[in-house]
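**Student:** Sharing a sequence plus its predicted fold:
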Amino acid sequence: MDRLWSKRFVLLTTGMLFLYTGFYSLIPVMPLYIRHQGGNEWDVGLIIGMFTLSAVLFRPFVGGLIDRLGRRPFIIGGIVFFVLFMLMYNWIAGIAGLIVLRFLHGASWAFSNSALGTAITDEIPSSRRGEGMGWYGISMTLAMAVGPLIGSLFVKNQSFSLMFHVAALISFGSLLLVAFSPTPYQPRKGKAILPDEKPKWSVMFTIFLMSISFGGITTFLPLFAESLDISSSAFFLVYAITLTLIRPIAGKITDRKGEPFVIVPALLFIVLALINLSVVHGLAGILCSAVLYAVGFGSAQPALQAAALRVTHPDRKGAANALFFTSFDLGIGLGSIALGWISQSMGYRTLFLSSALSVGISALVFTIFVRRLLRTEEIVRSLST
């Protein structure tokens, strides 16, 4: 069996854990911080969405650049600026200033996240792609557990300034780890900056529709939980524990049975979780949705990323990862903005039902278009061998 657990894979994945922990520590902080700065529900959605929309604008260029020039310069530079912009939250006041800063912060996230994620996928053997993506995803899962807990701890004492310093320090830990991990990828000269391979838009559209719900969860679940006098950290903790348990299992099943076997049921779990959120009134219902959403999202997200890599030429991994994260970020960004309007006009429960509808459409797109694409790719590869 091809080796998965190389030293580089461990160091890079741990570096991703630190980077995402710094990122996720802001999840419960930013909505409350925006309110602290005088913002309303619309401002919350706009400012949080600005981060991901900025990442969307930069990722297509990032993908081509890291294929052309290599991973390491963009990993190091991206993390450095990510840390600096994290510290700048202490110096910016007002909604307009936050919008600009979130745009810049999102750009640094596009570079650091795309380059580091691609370096990790370089280390995963194709025969163990599902399992490798599952373990890679666990670094993000653990960050989802630890990050919001750290953020909630400081927000409880209204220590926004200290929280931004702590988040920057955690993210800096990622830089120390990846600095000691060489990336052996050798760029091929003459590659275009923009991806030159025709994108598989049905895969990306499936990811986009699914991630709208994730934007709703990360942006508005803390506010929804607060309206029920419940700590959102309980949701994110249960969610992260369940994700940690499900991802290695789902990854191995993906390698054995194929992506469609995992993705369709997983998307239906997400729909159930969101419908449940639209009717719950207490902690038990919130935690039930956390488990359902974790099983669904924890299985679907790495399987969809594996599918995006499967239908892409190996020399275009950077572009494939960039398009994957572009679709993911675009869903979160547009979802945060659109769902912000829905929550302000019709309430949180309608917001969760709208998210469930989006994921339901995602399942239809995957079933009708992506399953056929994967089947065709499998036939082509079997003939070529």
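**Tutor:** That came through, no problem. Numbering: from 1, shown residues only.
**Student:** Every contact and neighbour count from this point should use C-alpha atoms.
**Tutor:** OK.
**Student:** Please compute how far stretch 46-55 lies from its chain's middle.
**Tutor:** Offset of stretch 46-55 from its chain centre (CA atoms, centre = their mean, to the nearest Å): 13 Å.
**Student:** hmm, I was thinking of stretch 163-174
**Tutor:** Distance of stretch 163-174 from the chain centroid (CA atoms, centre = their mean) equals 19 Å.
**Student:** cool, and stretch 227-236?
**Tutor:** 21 Å.
**Student:** Report the mean confidence score over that stretch.
**Tutor:** The pLDDT scores in stretch 227-236 average 83.
**Student:** Do a quick rundown of the helices in the stretch 201-350 of the chain.
**Tutor:** Taking DSSP state H, counting those that start in this stretch as the test, the helices found in the stretch 201-350 of the chain are 201-227, 232-257, 259-277, 283-310, 317-346, 348-365.
**Student:** so which of these gets nearest residue 46?
**Tutor:** Closest approach to residue 46 among these is made by helix 317-346 (5.3 Å; CA to CA).
**Student:** avg pLDDT for the closest one?
**Tutor:** 79.
**Student:** Then stretch 41-52?
**Tutor:** Rounded mean pLDDT across stretch 41-52 is 80.
**Student:** again, but for stretch 66-79
**Tutor:** Average pLDDT, stretch 66-79: 85.
**Student:** What's the end-to-end length of that stretch?
**Tutor:** Stretch 66-79 has its terminal residues 15 Å apart, counting by CA to CA, to the nearest Å.
**Student:** So for that stretch, what gets flagged as buried?
**Tutor:** With burial defined by 16 or more other CA atoms under 10 Å, the residues of stretch 66-79 counted as buried are 66, 67, 68, 69, 70, 71, 72, 74, 75, 76, 78, 79.
**Student:** how about the second one, phi and psi?
**Tutor:** Reported as degrees, to the nearest 10, the phi and psi values for residue 67 are phi -70, psi -30.
**Student:** Make sure it is actually in contact with residue 321.
**Tutor:** No - the criterion here is CA atoms under 8 Å, and residue 67 misses it with residue 321 at 10.6 Å.
**Student:** if we can go back for a sec, format the buried residues of stretch 66-79 as TSV; extra columns: secondary structure.
**Tutor:** Shown next, in TSV, are these (DSSP: H, G, I helix; E, B strand; the rest coil):
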residue	secondary structure
66	helix
67	helix
68	helix
69	helix
70	coil
71	coil
72	helix
74	helix
75	helix
76	helix
78	helix
79	helix
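**Student:** farthest pair in the residues you listed?
**Tutor:** 68 and 79, at 19.5 Å, using CA to CA across the buried residues of stretch 66-79.
**Student:** And the contacts of stretch 269-284?
**Tutor:** By CA atoms under 8 Å, 6 or more residues apart in numbering, the residues outside stretch 269-284 that reach it are 228, 230, 285-286, 288-297, 348-353, 355-357, 359-360.
**Student:** for stretch 330-337, same thing?
**Tutor:** 42, 45-46, 48-53, 56, 207-216, 219.
**Student:** Need the buried ones from those selected in ChimeraX.
**Tutor:** A single ChimeraX command selects the buried members of the contacts of stretch 330-337 (16+ other CA under 10 Å):
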select :42,45,46,48,49,50,51,52,53,56,207,208,209,210,211,212,213,214,215,216,219
